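J.: Following is a predicted model, sequence given first.
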Amino acid sequence: MSASRISPLRVAVLASGRGSNLQAVIDAIEAKQVQATIVAVISNKKNAVALERARKYAIKDIFVDPKPFAGQPDSREAYDRALLALLQELDAELVLLAGYMKIVTGVLVNAYANRMMNIHPSLLPSFPGLDVQKKAIEWGCKLAGCTVHFVTEGVDEGPIIVQAAVPILDHDTPDSLAARILEQEHKIYPRAVQLFAEGRLRVDGRRVFIDQAVPVGEAVISPS
Ligand code: GAR
């Protein structure tokens, strides 16, 4: 059930690109719509705009270079072991993948089971992977959208937390559709983080149930 936290939820963000979803979460925290603190933004890309955004807000920015791990037989797992050590050092309670374009392995997924979220610009389970707006248009879909889900080892899989749908219009291009979807991404990712912070997400198999909020000051009387 929803329990008021004494300290804000400690969130780490993994991002590879422009970081507009990171920005949406930062904005929601600043606006006090999300009770969380971002303990670090971590990237596999040295010049990720997401890292610049972190610096602007005095959030710790960390680049973890994949190159030194490349020669190892289990290079992806070795990289994730390094990330996991960092996340544990930072005491991160929730990890957000926000345009993190690297497949995460069981090393991270298992350590952060039901505590790692991803956002994806399609109505999963339709269109996992890349170029999903183009695919939705080509399929003649009438609706597209975005999904926040817990991360499992399958790419863009995992129990669905929140989705938002947008129409696909006759004149849409992949870019115009992506822009319409992105507006919704910026709403649902902070919402999912706040639901997590309030302890309201309950995972049961593939399904995520959202518990009702307990109004502040209302006593919870449990049957004896
Ligand atoms: C977002 O559209 C996000 O949904 C997508 O990458 C973009 C990152 O944008 N993620 C995926 O496709 C994951 N499979 P951002 O860097 O501006 O947040």
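T.: That came through, no problem.

J.: looking only at pLDDT, what's the mean for the helix or strand hosting Ala164?
T.: Secondary structure from DSSP states H and E places Ala164 in strand 160-167. Average pLDDT, strand 160-167: 98.

J.: Surely Met117 is in a strand?
T.: Yes: under DSSP: H, G, I helix; E, B strand; the rest coil, Met117 sits within a strand.

J.: ok, now how distant is it from Trp139?
T.: 26 Å (C-beta to C-beta, to the nearest Å). All C-beta spots, glycine's among them, are computed from the backbone N, C-alpha and C.

J.: swap in Glu52?
T.: Separation of Glu52 from Trp139 (C-beta to C-beta) stands at 36 Å.

J.: and what of Arg206?
T.: According to C-beta to C-beta, Arg206 stands 23 Å off from Trp139.

J.: got it, and Val155?
T.: Distance of Val155 to Trp139, given as C-beta to C-beta: 19 Å.

J.: for Ser176, same thing?
T.: Distance, Ser176 to Trp139, by C-beta to C-beta: 17 Å.

J.: repeat for Gln212
T.: 37 Å.

J.: which of these two has more neighbours?
T.: Under the neighbour definition other C-beta atoms under 10 Å, Gln212 and Trp139 were set side by side, and Trp139 has more, 12 against 8.

J.: Pull the contacting residues for that one.
T.: Trp139 makes contact with no residue under the criterion C-beta atoms under 8 Å, 6 or more residues apart in numbering.

J.: Phi, psi for it please.
T.: Main-chain dihedrals, Trp139, degrees, to the nearest 10: phi -80, psi -10.

J.: Which residues belonging to the helix or strand hosting Asn110 are considered buried?
T.: Assignment of secondary structure by DSSP H and E places Asn110 within helix 106-111. Neighbour-count burial for helix 106-111, counted by 16 or more other C-beta atoms under 10 Å, picks out 107-109, 111.

J.: Let's have the residues you listed in CSV, adding distance to the ligand and pLDDT.
T.: Output for the buried residues of helix 106-111, formatted as CSV (distance: C-beta to the nearest ligand atom, whole Å; pLDDT from 0 to 100):
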residue, distance to the ligand, pLDDT
Val107, 19, 98
Leu108, 15, 98
Val109, 15, 98
Ala111, 20, 98
